[in-house]
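J.: sequence first, predicted coordinates after that:
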Amino acid sequence: MTQAVVEVGARLRYDGRVWTLAVLEGARTTLVTDEGASAVVLLPYLFAHPSFEVEGGPVPERVPPFGLLETLPVEVRERALAWQRHVREVETGFPDSVGQGAPREQFDPATRSLAQRERAKAEELTAAGWAASAATVRRMRARYRSEGLWGLVDGRAVRERSALGRTDERVVAAVRKVLEGQRERSTGTLVRLRRRVGWLLEEEYGAGAVALPPASTFNRLVHAVADGQGLLGTAAQRRWHASRPAPPFTPTVALRPGELVMLDSTPLDVLAVLDDGVTGRLELCIALDVATRSICAAMVRPVGTTSVDAAMLLAQMVVPAAMRHCPCSGRSSPTSGWLRWTRGWSGLPPGR
């Protein structure tokens, strides 16, 4: 989609009001309302204000949450992407961000109002078998503006479901307390466990205040509470699980490109002749973006990665490829041309 242009005569939304840009002088701008009120605002402050928006401008582009979208079923992702194309066509007349060609007549912003385009899109979706009204299209437009592509995802597909179901929290807390208290005791039955949970609830809340679920439901609840906690099994198994140290690593989730970049090296089954004539093994140093699974930078070095090699990976990530070679001197960057491959031994064909 094309970017909105802030120029003299543009209609802006700022501080809860609609303004017309009357004067643009350096970093200062003079705004005038339809009622005759005026304000002088610095451009950096205006652009950074959360309520600033160019009236009729395109939807601001957002980085799609790749990590979250990958966890959704395929049909849910396709439905959200389809809604994105429909919303873009209502907003700009084009279903994609390229905007090539001419928009369809019923979605041309130059001849149709926004309300007319919303009604036309609702009729088109209804004919295609979607249950969508003009209000639905308007609501999806608002969600796309506020949350981006993630706002178009069906909320039923991302709603978190608890393994404990709708069980009373007091019952869940009592089950967990009884299981914790019998770590050092002999293994008991679920019938005895249910009886002790009932006694605990009567002691804390009074007789009949909290009802226990049926036996089958209670047994499923016990397994859901004890899952992965080492609260079931023999006494020896429970004591062993309780005595284990905390794991050294914790799961990490990256949702945005560049949020988490991993630097690692791995040895290669390749023999090379270095600049000093000594043959040696090589290893691949790589920088991998966790969210998009894309390779940010990579280089081949002799075995024994150092902090200098990590710095070279960082340099490759931040320096454009066109600037790594100096045309005036004919020399390339220090990251290339420093070793000669041995033909034949590595199995590579000549010229590779």
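T.: Thanks, I have the structure now. Just so it is clear, the structure is predicted and the values come from calculations on it, not from any experiment.
J.: C-alpha from now on. contacts and neighbour counts both.
T.: Fine.
J.: please save the CA atoms from whichever strand in the chain runs longest in PDB.
T.: Scanning the chain for the strand with the most residues, using DSSP state E, yields strand 261-274. This file holds the C-alpha atoms of strand 261-274, laid out as PDB (Å, rounded to 0.1, in the frame of the first residue of the first chain):
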ATOM      1  CA  VAL A 261      19.200 -14.300  17.000                       C
ATOM      2  CA  MET A 262      21.300 -17.400  17.800                       C
ATOM      3  CA  LEU A 263      25.000 -17.500  17.100                       C
ATOM      4  CA  ASP A 264      26.500 -21.000  16.800                       C
ATOM      5  CA  SER A 265      29.200 -22.900  15.100                       C
ATOM      6  CA  THR A 266      29.400 -26.500  13.800                       C
ATOM      7  CA  PRO A 267      32.400 -28.500  12.500                       C
ATOM      8  CA  LEU A 268      32.400 -29.400   8.800                       C
ATOM      9  CA  ASP A 269      33.800 -32.600   7.300                       C
ATOM     10  CA  VAL A 270      36.000 -30.600   5.000                       C
ATOM     11  CA  LEU A 271      39.800 -30.200   4.700                       C
ATOM     12  CA  ALA A 272      41.100 -26.900   3.500                       C
ATOM     13  CA  VAL A 273      44.500 -25.300   2.700                       C
ATOM     14  CA  LEU A 274      44.900 -22.000   4.600                       C
END
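J.: make residue 1 into 499 and carry on from there
T.: In the new numbering, first residue 499, that becomes strand 759-772.
J.: may I have the strands that pair with the helix or strand just after it, each with its orientation?
T.: Counting by DSSP states H and E, the next helix or strand C-terminal to strand 759-772 is strand 777-787. Partners of strand 777-787 in the sheet, by DSSP bridges, are strand 759-772 (antiparallel), strand 792-800 (antiparallel).
J.: mean confidence for the first one?
T.: Spelled out, that is strand 759-772. Average pLDDT, strand 759-772: 86.
J.: circling back to that earlier point, deepest-packed of the strands paired with strand 777-787, please.
T.: strand 792-800 (a mean of 18; mean count of other C-alpha atoms under 10 Å).
J.: distance from that strand to the middle of the chain?
T.: Centre-to-centre, strand 792-800 and its host chain are 25 Å apart (C-alpha atoms, centre = their mean, to the nearest Å).
J.: helix or strand right after that strand?
T.: Proceeding N to C from strand 792-800, the next assigned helix or strand is helix 805-816, under DSSP H and E.
J.: what angle separates that next one from strand 759-772?
T.: Here the directions of helix 805-816 and strand 759-772 differ by 110 degrees (axes from the mean of the first three to the mean of the last three C-alpha atoms, to 10 degrees).
J.: what's next to helix 805-816, contact-wise?
T.: 761, 783-785, 794-797, 799, 833 (C-alpha atoms under 8 Å, 6 or more residues apart in numbering).
J.: repeat the analysis, applying 6 Å as the threshold.
T.: With C-alpha atoms under 6 Å, 6 or more residues apart in numbering as the test, helix 805-816 has contacts from 794-795.
J.: stretch 510-526 now?
T.: Stretch 510-526 is contacted from outside by 506-509, 527-531, 539-541, 549-553, using C-alpha under 6 Å, 6+ apart.
J.: among those, which ones are in strands?
T.: Reading strands off the contacts of stretch 510-526 with DSSP E, I get 509, 527-530, 539-540, 551-552.
J.: how far off centre is the longest strand of the chain?
T.: 31 Å.
J.: same question for stretch 749-763.
T.: Taking C-alpha atoms, centre = their mean, one finds the center of stretch 749-763 at 12 Å from the center of the full chain.
J.: could you do stretch 628-642 as well?
T.: 23 Å.
J.: for it, buried residues please.
T.: Across stretch 628-642, burial judged by 16 or more other C-alpha atoms under 10 Å covers 630-632, 635-636, 638-642.
J.: I am finished for the moment; much appreciated.
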